[in-house]
Structure formats: C-alpha cells, structure tokens
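Asks: would you be able to build a 3D model of this:
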Amino acid sequence: MATEAPVEVSPSALSGVARVLVNAGKLTARAADDLSKSARERKVSFISAVIGAGAVKPDDLAHTLSVALALPVLDLNAVDMQRLPRNLVDSKIANQYQLMVLGRRGNRLFIGAADPTDQEAVERIKFATQLTPEWVIVEYDKLMRQLESSGASANEVLETLANADFDFDVTEEETAPPENSDSTTDVEDAPVVRFLQKMLVDAINMRASDLHFEPYEYNYRVRFRIDGELREITQPPIAIKDKLASRIKVISRMDIAEKRVPQDGRMKLKFGTKAIDFRVSTLPTLFGEKVVIRILDPSSAKLGIEALGYEKIEKDRLLNAIGRPYGMILVTGPTGSGKTVSLYTCLNILNQPGVNIATVEDPAEINLPGVNQVNVNEKAGLTFAAALRSFLRQDPDIIMVGEIRDLDTADIAIKAAQTGHLVMSTLHTNDAPTTLTRMLNMGIAPFNIASSVLLITAQRLARKLCENCKKPAEYPRESLLKAGFKPEELDGNWKPYRAVGCSACTNGYKGRVGIYQVMPITEAIQRIILTEGTALDIAKQAEIEGVRDLRQSGLVKVRAGMTTLEEVILVTNE
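Replies: The predicted model follows:
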C-alpha cells in the first residue's frame, strides 16, 4: 500500500513572521506550518515556538525581520532599563503581546517587540494610549528576560494563585471595620487589593528585601530594595494612597483609624502550601502614611553557613566558638548587614532535639521550629532584660538576644554566659575591636568582658557581580595598593572585575555576599581588655593573630572575582 505524499505548503498560505522566515530561507514552508500548528495547540506565539524548537536563533531572527521589514534592531543589553518610561502601556498588554515601551516622541510611541507583524497589538495599543506605535525589533530571549525581571509576568502568576490557594492569612472578624464605616470600601476596593497582591508577588519574583509605598504632594511611588539598593518600580495614581494604606493595615492587624502615630504589624501571604511572612511598618508623613514592608524569607535562615560567604579560616573560627558549652558570641554591624541571618544560621546548626534554645527578639523575624522565640513587648513590661531573667528559670542551653541595647540587658547576658549558657547577640558597632570598647563604655566591668566573650564577628553585605556580564578591569597599581592590596598580592595574572550590566541583573550585580571580620578573644586580647586598652590596641593584636579586618576580607572577595573594588570600598569605608 503506497504512503501518501506530504501536502506541499505554499509560503503565501503562511502569515507574518512565518512567511518572512520561509522567504529568507531560514525555514521550509513545511517546517513553518508545523511550528504554526504547534504554537496554536500550545497557545504560545509563533516566535516562542520557533525559538523553543531551536529552528532559528534569536539574534538571527531579529536581523532577518529587520532586513525584510525595514525596521531598526535594538540590543536591550545596551539599554538602561531604569530610564525607560513607565505606565504608558498596561503591563497586562505588554505581557500578553510580549512587548515593551522604549520611548515616546510627540504622539509616536516606540515599542520594542520580537514580532512587529502583530496587527492586533497595534490596534490594542492605539486604543489604550491614543498614540501611534512604531516598532523596533528586539531579540526574543532578551525581551522575555526583561519582561520577567520587571515583574510584567506577575499578573499571570497572580491569576494562577488566585485560582489556587493564594490568600492573605488574616482573621477578618478581628480586623474588619464597622459595617457603616467609610473605611469598609477602602479596604475591600478590588483594584487596590489586586495592586497590593501584584506588588508583593513582583517583589518576591525580583528578590527584593523591602517594599516602600511613599506618598508625596503630587505623586505616589513604590520602590523595592533589591540587593541593597532602592529601585523605583511604579507610580500608581495618588488617589489610592489612603485606600492602599488601609488595606495593608487591615491585613497586618493594625488600627486603621489611627493615622497620627507609627504602627507595626505582620502579615502572611499563602502560596498553596508555602507561606511567606512580611513585617509591616507605617509612618505618618506630611502627605499621608508611608508604609514599608519587609519580606521575611524563612529559606534565608536555612541557607547553611557555606552560602553566607565565610572564608575557610573564618568559618572554622565561628564553628569552633558555637561548639563551646558556654560563653558569649557577638555579631556586629549596621542595620541591614545580615546579622540576623548569621545568628539564625548558627541557631539552625545548634538546633538539635537534646538542646533547649530560647530567643528574645524585637520582633522575631523568622519562625524557627524547635526554638522558643519570644517577642519584646515594652508596653507590657516584657523587655530584653525581663525576658532574659525569665529564660534563666527555663533551663536553657542556648540563649539568643536580638540586641544588647543597655547595661541591664548586657549584665544579665554576661551573667548567663558565665553560668553555663551559650549566649548570642548583636550590637551596632563598626568593627570587632570597637565592640569591646563599646561594652566598656556601657559600664560593663573589664573582667566580665574578658571572661565571657568568646568571639566577635563584624560583617557587611556587598553586592555580588553578575556572572553573565562581568568583565576584567584595569586599575593603576597605585590605586590597588591604596585600597589595601599588598605588593605581593598584585603579582601574577589575576585581574579585578568590573560591573557591566545585562538583562539578567541590576547594573552588573546580582545577589549579595557577606564580608566578615571574625575575631576570637584570645588570652592576649583578654590581657588588653583587662588593662583597659583601646580599640586600636585590640585591632593591632588581632592583626598579629591573623584576623583580617573588613577591608582585607573584602579584598579577598575582589581577588576571587565575586565583587568589585568600588563596592568593597563603599561598604568598608569607615
């Protein structure tokens, strides 16, 4: 029985991009027809099907369309995304038709897209903006990376989650306003609810640590802190500022009627079986309430010590200290330097069935199963010192104090460290040696410090270079020496790297890495403390004992190609 010959497909029967690729000899008519059918079945664009099948490379596709349609090509890697106009085209339209706004001139709107033959997109943009779209061709893979990183895909995520178990964990009976209250419409306004959910999902997708909702006289802006830097994300209508603040306060269990004083609260967002906690703070400003939401990611506490960026000698010193049966370990650094994550990582290592661990924090940021966590409540008289006194009657093995702020707390913590407990805490000081003098200045007796403190870690967070786009940099030898490199370290073939920037990162950086000064309290340092030596004396002795200061630790990361010299100088410039 003879097999049927395949039906020939005429290029004229194809449309748009498919016809261009066949006429240019990039695809056969049969292959183009098969890919068109596949795209329709999978409900994806033809270009997505072509790129996904590896039939044509993204750059080749862009240049083929440019020649055939006489349209310009733009490399998105060369574009500063922060300078592009926002809010001219709704993100739903941008995501649906896979396009982005590049600029506006008069009544012309320049649109970057991989498929400039989509007439439906043209009509939709004309109707929505009352402007005339002009196409600029961009490479499909770079466009999709940018759409994902800018949060344009968050609507799809939200729709998926809305159909599943996506919800705020809030007890409405406890927090709902009275039925006749004007605030009822504020907190149940559907567009406001959707906007807040979208911002939270976008922040999680973009690896943000904080969201800032900021009202001003004539505008309202939303900024995310990503890798330690604030980035403006959008400027929603100023009319929603009060409704948005009310919605956030309701689900954070705050008093929505009180707008004159700062408030603090928490909320939880559920993603099916996964839940993410948020810490919320409101602040009355001249033009409304500013709201800052901190994302508390439980996975950050379970990264493991390897992921925090300790060098081997620093890691060994820290593990040796937390393995001791009693004494005090202090973690120091400014706000936002990762002190809490370091402490939680240590607690995770120590968290065993046979160990009783108690923590007192203000507030407890991440829930640690198996650890007894207590929140400070100063209004009720539950201060750090009061909680510590209670802990000592609870038979603890390990105690973690969120912060030592006063002499009373410090005294009780030191007594606990001297009576068979391992105590961990934080202090706000610049480096490890100055921590000891700060304790002396608080009024703690030198012999108590010398006999109880085992180790002090000072830390900073530096932005990490993007592996996709970092490039070697040339620096004058004198600049490297001035930064702290030793002459012998400059010999050899290594070169520092510089940040470049691409669609996969933020200005050449992606993620952060810790820089640490880990200083064990040796007998020599104890003698300096007992004779009330200065921080300089302690620093000199620590250097003799091989303890790197923060700058030297940062330069190790520069040599390893993990960050830039500029970044290290910025975060260690005391």
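Asks: where's residue 21, which helix or strand?
Replies: If you go by DSSP states H and E, residue 21 is part of helix 16-23.
Asks: and the very next helix or strand once past that helix, how far from the chain's centre?
Replies: Sequence order places helix 29-42 as the next helix or strand after helix 16-23, per DSSP H and E. Mean-position distance between helix 29-42 and its chain equals 40 Å (Cα atoms, centre = their mean, to the nearest Å).
Asks: show me what helix 29-42 is packed against.
Replies: helix 16-23, helix 46-53 (3 or more Cβ pairs under 8 Å, 6 or more residues apart in numbering; DSSP states H and E). All C-beta spots, glycine's among them, are computed from the backbone N, C-alpha and C.
Asks: now it against helix 16-23, angle please.
Replies: 160 degrees (axes from the mean of the first three to the mean of the last three Cα atoms, to 10 degrees).
Asks: buried stuff in helix 29-42?
Replies: The neighbour-count check on helix 29-42 (16 or more other Cβ atoms under 10 Å) flags 29, 31, 32, 33, 34, 35, 36, 38, 39 as buried.
Asks: any chance of the helices and strands packed on helix 29-42 in JSON lines, with mean pLDDT too?
Replies: Converted to JSON lines, the helices and strands packed on helix 29-42 look like this (pLDDT from 0 to 100):
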{"stretch": "helix 16-23", "mean pLDDT": "85"}
{"stretch": "helix 46-53", "mean pLDDT": "82"}
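Asks: adding distance to residue 221 and mean neighbour count, write those helices out as TSV.
Replies: What follows is these, written out as TSV (distance: least, Cβ to Cβ, whole Å; neighbours: other Cβ atoms under 10 Å):
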stretch	distance to residue 221	mean neighbour count
helix 16-23	38	22
helix 46-53	33	20
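Asks: how many residues are close by the closest residue to residue 425 other than its chain neighbours?
Replies: Nearest non-adjacent residue to residue 425, counting by Cβ to Cβ, 6 or more residues apart in numbering: residue 401, 4.1 Å away. Look at residue 401: counted by other Cβ atoms under 10 Å, it has 28 neighbours.
Asks: how near is residue 401 to residue 305?
Replies: 21 Å (Cβ to Cβ, to the nearest Å).
Asks: low-confidence stretches in the stretch 251-400 of the chain?
Replies: Low-confidence segments of the stretch 251-400 of the chain (pLDDT under 70): 271-274, 298-303.
Asks: can you rerun that using 90?
Replies: 253, 264-279, 295-311, 333-345, 348-349, 351-353, 361-370, 375-394 (pLDDT under 90).
Asks: can you give me the strands in it?
Replies: With strands called from DSSP state E, counting those that start in this stretch, the stretch 251-400 of the chain shows them at 263-271, 274-285, 288-296, 327-332, 357-361, 372-375, 398-401.
Asks: tell me what the longest one is packed against?
Replies: Counting contacts by 3+ Cβ pairs under 8 Å, 6+ apart, the secondary-structure elements packed against strand 274-285 are helix 241-251, strand 263-271, strand 288-296.
Asks: go ahead and flag the most central residue of this structure.
Replies: residue 208 (3.2 Å; Cα atoms, centre = their mean).
Asks: excluding sequence neighbours, find me the nearest residue to it.
Replies: Using Cβ to Cβ, 6+ apart, the closest residue to residue 208 is residue 224 (3.9 Å).
Asks: in a strand, the one you found, correct?
Replies: Yes: the assignment for residue 224 by DSSP: H, G, I helix; E, B strand; the rest coil puts it in a strand.
Asks: ok, now how distant is it from residue 407?
Replies: 39 Å.
Asks: the two: who's more crowded?
Replies: Neighbour tally, residue 224 and residue 407, criterion other Cβ under 10 Å: the higher count belongs to residue 224, 23 against 13.
Asks: residue boundaries of the helices in the stretch 351-500 of the chain?
Replies: For the stretch 351-500 of the chain, the helices defined by DSSP state H, counting those that start in this stretch occupy 384-391, 407-418, 432-442, 446-452, 477-483.
Asks: convert the second one to PDB, retaining C-alpha atoms only.
Replies: What follows is helix 407-418 as a C-alpha-only set of coordinates in PDB (Å, rounded to 0.1, in the frame of the first residue of the first chain):
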ATOM      1  CA  LEU A 407      23.600  47.900  80.700                       C
ATOM      2  CA  ASP A 408      20.800  46.000  82.300                       C
ATOM      3  CA  THR A 409      20.500  43.600  79.300                       C
ATOM      4  CA  ALA A 410      24.300  43.300  78.900                       C
ATOM      5  CA  ASP A 411      24.800  42.500  82.600                       C
ATOM      6  CA  ILE A 412      22.200  39.600  82.600                       C
ATOM      7  CA  ALA A 413      23.500  38.300  79.200                       C
ATOM      8  CA  ILE A 414      27.100  38.200  80.600                       C
ATOM      9  CA  LYS A 415      26.000  36.500  83.800                       C
ATOM     10  CA  ALA A 416      24.200  33.900  81.700                       C
ATOM     11  CA  ALA A 417      27.300  33.300  79.700                       C
ATOM     12  CA  GLN A 418      29.400  32.900  82.900                       C
END
